[in-house]
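K.L.:
Structure for the following, please:
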Amino acid sequence: MAGISRDDVAKLAQLARIEMTPDELDHLANELGVILNAVARVQEVAGEDVPPTSHPLQIGRAHV
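P.N.:
Numbering: from 1, shown residues only. Okay, here's the model as predicted:
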């Protein structure tokens, strides 16, 4: 499972010059961990035969 530590979040916040409380760091580390786990699950099912797309439906020119 993917994860991100509180120290990782603190470093990112420092680089972005965002002040965060210890509680905010803990909360964000947990939330980012959930997001990374969701992305990892999607990568498991997205095989090589599935082309990357920017939209789930074919986008064409509008007919007037």
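
K.L.:
For the helix or strand that contains Arg41, enumerate the helices and strands it packs against.
P.N.:
When secondary structure is defined using DSSP states H and E, the element that contains Arg41 is helix 22-45. Packed against helix 22-45, as judged by 3 or more C-beta pairs under 8 Å, 6 or more residues apart in numbering; DSSP states H and E, are the following elements: helix 6-15. Any C-beta I mention is one placed from the backbone N, CA and C, and that applies to glycine too.

K.L.:
quick one: low-confidence parts of this protein?
P.N.:
In the predicted model, the chain carries pLDDT under 70 at residues 1-2, 46, 61-64.

K.L.:
switch the cut-off to 80
P.N.:
Per-residue confidence of the chain (counting by pLDDT under 80) places the weak regions at 1-3, 45-64.

K.L.:
hang on, the earlier thing: now do the helix holding Arg41 and helix 6-15, the angle between them.
P.N.:
Going by axes from the mean of the first three to the mean of the last three C-alpha atoms, to 10 degrees, helix 22-45 is angled at 110 degrees with respect to helix 6-15.

K.L.:
residues of helix 22-45 that come out buried?
P.N.:
Of the residues in helix 22-45, 25, 28-29, 32-33 count as buried by neighbour count, 16 or more other C-beta atoms under 10 Å.

K.L.:
cool, stretch 9-26 as well?
P.N.:
Buried residues in stretch 9-26, counted by 16+ other C-beta under 10 Å: 9-10, 12, 20, 25.

K.L.:
From one end of it to the other, what's the distance?
P.N.:
8 Å (C-alpha to C-alpha, to the nearest Å).

K.L.:
Residues contacting it, please?
P.N.:
Here stretch 9-26 makes contact (C-beta atoms under 8 Å, 6 or more residues apart in numbering) with 6, 28-29, 32.

K.L.:
ok, so of the residues you listed, who is nearest Val50?
P.N.:
Val50 has its nearest neighbour among the contacts of stretch 9-26 in Leu32, at 25.4 Å by C-beta to C-beta.
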